[in-house]
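Chemist: The sequence and its predicted three-dimensional model are supplied below.
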Amino acid sequence: MKTSRPVATAFAVAGYIVMIVPILFVVAVAFTDRPTLQFPPHGFSLRWFGAAIAYQPFVGALLTSLEIGLLATFLALLVGVPATLAIHRGKLPGKGIVEGLFLSPLIVPELVVGLALFQQLIVAFRIDNWFVLLIGHTALLLPYAVRVTGAAVAGADPFLEEAARGLGASPWRTFWTITLPILRPGIFSAALLSFITSFNNVPLSLLLQSRTTRTLPVTMLDYVQQSYDPMVAAASTLILAVTVVIAILAEKTVGFAKIFGGINK
């Protein structure tokens, strides 16, 4: 089939190749039976998957990443959703300034945020690294909660809420029966993007880690610097497989069109 945009198509194909081919290399290397990383892989073995699952630093770091990611996502939505409603539906003075403050973590480099949190909270106030890491991740996820749910609110018909209030529904009942169902796809997509961002974060987690609080990406990075066996490739393949399963479940239950469709509105 001919296309009217050959240049754009060529760039798209090149982009897919750049993104997918390195992933295929990592997956292929994970199944080798050799003790070192090499491509093309020799033999076939699942030994490195068992080694990755049994490696205690990876398991402990995975639990930390899951805890931080889930809690930071919940806190970001807990703050971001009411802020979004106040910005788009309320009579809040200086709405542009308030929204800009919530979106500012997208502009400020993560290393700057991490250094500021380290100096003020860990060094000055002696707060535990785990809580500071949670605060940092929550701050980084606020833009996703505000921007994505804001897109869902902006694309909704405000007359539906006005009609519900006009028929005698209380503000609380209007929120649960009208507003929340409208926001549900936006909240779901914001939660998904936030958790993935938190789970994959390296710069902020690298600055705020301690000997007992380490996330999985940072632990894997440290392991690669000290060892050249395929265990990290196996761990990466397992994470990729879980991500694919989550994506399939999200598509089957909600649908990507509903999850991400309103972001660019």
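Modeler: Cool, the structure landed. Numbers count the residues shown, from 1 in each chain.
Chemist: and L66, what does it touch?
Modeler: By CB atoms under 8 Å, 6 or more residues apart in numbering, the contact set of L66 is F199. In short, each C-beta sits where N, CA and C put it, glycine included.
Chemist: Quick check: which element contains it?
Modeler: helix 56-88 (DSSP states H and E).
Chemist: That helix: which residues count as buried?
Modeler: 58, 61-62, 64-65, 68-69, 72-73, 75-77, 79-81, 83-85, 87-88 (16 or more other CB atoms under 10 Å).
Chemist: try stretch 24-32
Modeler: Result for stretch 24-32 [16+ other CB under 10 Å]: buried residues V26, V27, V29, A30, F31, T32.
Chemist: For it, output the C-alpha coordinates as PDB.
Modeler: Output in PDB follows, covering the C-alpha atoms of stretch 24-32 (Å, rounded to 0.1, in the frame of the first residue of the first chain):
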ATOM      1  CA  LEU A  24      15.300  -8.100  21.200                       C
ATOM      2  CA  PHE A  25      19.000  -8.300  21.800                       C
ATOM      3  CA  VAL A  26      18.500  -8.200  25.600                       C
ATOM      4  CA  VAL A  27      15.800 -10.800  25.400                       C
ATOM      5  CA  ALA A  28      17.900 -13.100  23.300                       C
ATOM      6  CA  VAL A  29      20.900 -12.800  25.600                       C
ATOM      7  CA  ALA A  30      18.800 -13.700  28.600                       C
ATOM      8  CA  PHE A  31      18.300 -17.300  27.300                       C
ATOM      9  CA  THR A  32      22.000 -18.000  26.800                       C
END
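Chemist: What is the distance between that stretch and the centre of its chain?
Modeler: Offset of stretch 24-32 from its chain centre (CA atoms, centre = their mean, to the nearest Å): 25 Å.
Chemist: List of residues touching that stretch?
Modeler: Counting by CB under 8 Å, 6+ apart, 37-46, 48-49, 230, 233-234, 236-237, 240 sit against stretch 24-32.
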